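Q: pasting the structure only:
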Ligand SMILES: Nc1ncnc2c1ncn2[C@@H]1O[C@H](COP(=O)(O)OP(=O)(O)OP(=O)(O)O)[C@@H](O)[C@H]1O
């Protein structure tokens, strides 16, 4: 097994970020989005999934994107990552979509979407996100080659380092396994390690906890938070779970019917929310104060007719 010192000298990440400091504060956002509209289809059957969304993410910032099913969260996340399939009838319009100062709009005319370099994603279902045919070691080989690590020894050591980082021991066995040979929790950790081993500057986690019970969900959020903070990676969490997001994000974006209706510091949103949907969402968070309520509020209690 590699020693801590060896791992630190070999890891791509630790070469770039070798302190426990918080990420550097710079004026330039890692992601800038202005008036982003995404439409599926055309004519009468067109669905505007995201409407004129504008926001920025600073380096190292933790942003939560919350909203009900169908509000456009995944469409927004996939568009930012460059993974929206524009060849399948989606149209993207924006006055600005920049990642680290460079244009990042999905390319029209490509038959397969290409992920924006520097942005990584983890998905809700690791079983379908991981390639079922390749071993875990083979999947790391592919990702690390893309990050410039091509030597067999360095690749094996970097893979073991990242598997350890996400709490997996017996790394040789894990590397030899195919996804179906691992438990669900292990697969999810592998997916997180794969996403972070190329030192992304923005990690998008789309519903990382919705398939997990409460304690595993908290553990997953803690792991994502600790690892991204260590690397100075900004984090965009897409989630239904407003309670976890309140705790694990700096900024909250609330989406309703394709629009970003509220953008607030997470520490202040409970006191300062103005949109009726946000108030409704926050009203549904179980607290000690509302434990005796006979029923939690529903949307029509807050939204105008
Ligand atoms: N490929 C597609 N073709 C047509 N309409 C789509 C497509 N993908 C999503 N939509 C529609 O776009 C809207 C936004 O969907 P999206 O999946 O982005 O929402 P979401 O907030 O992520 O929902 P969930 O939380 O259930 O994943 C919905 O009305 C959905 O039906």
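A: Structure received. Please read all numbers here as calculations on a predicted model, not as lab measurements.

Q: switch to C-alpha atoms for all contacts and neighbour counts from now on
A: Will do.

Q: make sure residue 55 is indeed in a strand.
A: Yes - under DSSP: H, G, I helix; E, B strand; the rest coil, residue 55 sits within a strand.

Q: mind listing the residues bridging to it?
A: Beta-bridge partners for residue 55, by DSSP bridges, are residue 33.

Q: which ones are touching it?
A: Taking CA atoms under 8 Å, 6 or more residues apart in numbering, we find residue 55 in contact with 32-34.

Q: what's the weakest-modelled helix or strand in this protein?
A: Taking mean pLDDT, DSSP states H and E as the measure, the helix or strand of the chain with the lowest value is helix 12-16, at a mean of 36.

Q: got the residues of this structure near the ligand?
A: 40, 47, 49, 68-75 (CA under 6 Å from any ligand atom).

Q: just the buried ones from these?
A: The neighbour count (16 or more other CA atoms under 10 Å) marks 40, 49, 68, 71-75 as buried among the residues of the chain next to the ligand.

Q: okay if I get the residues you listed as TSV plus pLDDT and secondary structure?
A: Output for these, formatted as TSV (pLDDT from 0 to 100; DSSP: H, G, I helix; E, B strand; the rest coil):
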residue	pLDDT	secondary structure
40	94	strand
49	96	strand
68	87	coil
71	93	coil
72	95	coil
73	95	helix
74	93	helix
75	95	helix
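
Q: how about these, which pair is most distant?
A: 40 and 68 (18.6 Å; CA to CA).

Q: so for the one helix or strand residue 154 maps to, mean pLDDT?
A: Using DSSP states H and E, residue 154 sits in helix 152-165. For helix 152-165, mean pLDDT is 94.

Q: what's the neighbour count on residue 57?
A: 20 (other CA atoms under 10 Å).

Q: ok, the buried ones among the residues of the chain next to the ligand vs residue 91, which is closest?
A: Nearest member of those to residue 91, counting by CA to CA, is residue 40, at 6.4 Å.

Q: count of neighbours near the closest residue to residue 196 other than its chain neighbours?
A: Counting by CA to CA, 6 or more residues apart in numbering, residue 120 is the residue found nearest to residue 196 once chain neighbours are left out, at 7.2 Å. The number of residues packed near residue 120 is 22, by other CA under 10 Å.
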